Structures are given as C-alpha cells and as structure tokens.
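Please work out how this folds:
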Amino acid sequence: MQRSDDPRLLSALLSHRVLVLSNTLALAASRYYPRRFGVRLAEWRVIDALHAGGEISANQISQWLMTDKAWVSRSVERLIEGGYVRRSADPGHGRRLLLRLTAKGQRAYASIAAAARQRNDNLLACLTGAQQQTLQLALTRLETRAAAMLAQPHLGFDAMAAEGRADEGAPRPARPGRLRGAAAGA
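Modelled structure (predicted):
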C-alpha cells in the first residue's frame, strides 16, 4: 500500500483511506442531493433500500445499511412527511410496520440513482477497465474478510490465518454493479 508523508498511523491504514474516500463522496452527495432532489443523503440511502426491498421494515433497512435503528427511523419519518414513503401494518406480524415507496418515492429513486451512477462513472473514469475489475475483486474479497473478522471473538485484532489470500487460485470476475448507489457513498 502506498504511504504518504503523513506521520499518523491512521493515514496508512486501509480502513482510514476507505473512510476518507467514502466521507469525501458522502460530503459531495450531502451537498448535492438536498439542493437537486430535496432529500438528504441519509434519506436517499433509505429510498435505495426500499427500492431494492419492496415492502420491508425499518429494522431490515437498518440491518442492510449496518446502521443505527434511530437514524433509519428519523429518515423514514422525514420521508413519510415528504410523501416519499408509505407505512402500513404487516398482516403477518402484529407489531411490525412495513414501508414502501410511493409513486413520488419511485420517481425520486430513478432521478437520484441516475445521478449516483453518473458520479460513480466519473469517479471510476480514472481507472482502466482492468483496474476497475481488479478493484471490484479486491473490494469483494476485503468485504468478505472484514465480515469474517467481525464474526471472530477477537474481531480481527489478534493474529489470524491468511485465509483467502490473493495468491490462492485465479482471480474471479467482478460482480457487476457493485459500486453503485448507496454502497458507493452515494
């Protein structure tokens, strides 16, 4: 990994570099989306989850986004007030409420998704096609490894076997569409 002249340990850690990239993209989105589409970045992430999930609960959105339930609830309330989301009782579960996009929410999704894809394409334009494929493969492997570390009792902070090393076998093709939408810090 390339190291900068920054003497801080964090600047050399992959997790920090990914966080800085994500925060930079999120900052741009948090400035652009309200002005252009009338929704905040957090609300866009909920809209994206609802579009993918159809009729789902706020708890499921929280799990998908790996975020706090209260954060999702606040976003959902704003989206309901704005007419983007409708809430209804789950007929199969007495206490659960299901959420779904309204026609206005579907239109917002289409517009914001197009903008997010364009911005994603603009970001990736500095990489060749082969570099983009390598990045996709590397991100998939890192996501898998991070999830495995999270499942360990020591959460990845103790020495682990070098499972899933890059030198094991030939590279697999990247999954299409991985860096789109909310996952890309949209």
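
Tell me where this structure has helices.
Along the chain, counting by DSSP state H, helices occupy 14-37, 41-53, 58-65, 69-81, 103-124, 129-151.

so what does the longest one touch, helix or strand wise?
Spelled out, that is helix 14-37. Packing partners of helix 14-37 (3 or more C-beta pairs under 8 Å, 6 or more residues apart in numbering; DSSP states H and E): helix 41-53, helix 103-124. Heads up, the C-betas are built off the backbone N, CA and C, glycines and all.

Any chance of CSV for these, columns distance to Thr134?
Formatted as CSV, these follow (distance: least, C-beta to C-beta, whole Å):
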stretch, distance to Thr134
helix 41-53, 26
helix 103-124, 12
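
Out of the ones you listed, which gets nearest to Leu21?
Of all those, helix 103-124 sits nearest to Leu21, with 9.0 Å by C-beta to C-beta.

Tell me which of the helices and strands packed on helix 14-37 is the most buried.
Comparing the helices and strands packed on helix 14-37 by mean neighbour count (mean count of other C-beta atoms under 10 Å), helix 41-53 ranks first with a mean of 22.

So what touches it?
With contacts defined as C-beta atoms under 8 Å, 6 or more residues apart in numbering, helix 41-53 is touched by 26, 29-30, 33, 37, 39, 56, 60-61, 64-65, 71-72, 74-76, 78-79, 84-85, 99-101, 105-106, 108-109, 112-113, 116, 181-182, 186.
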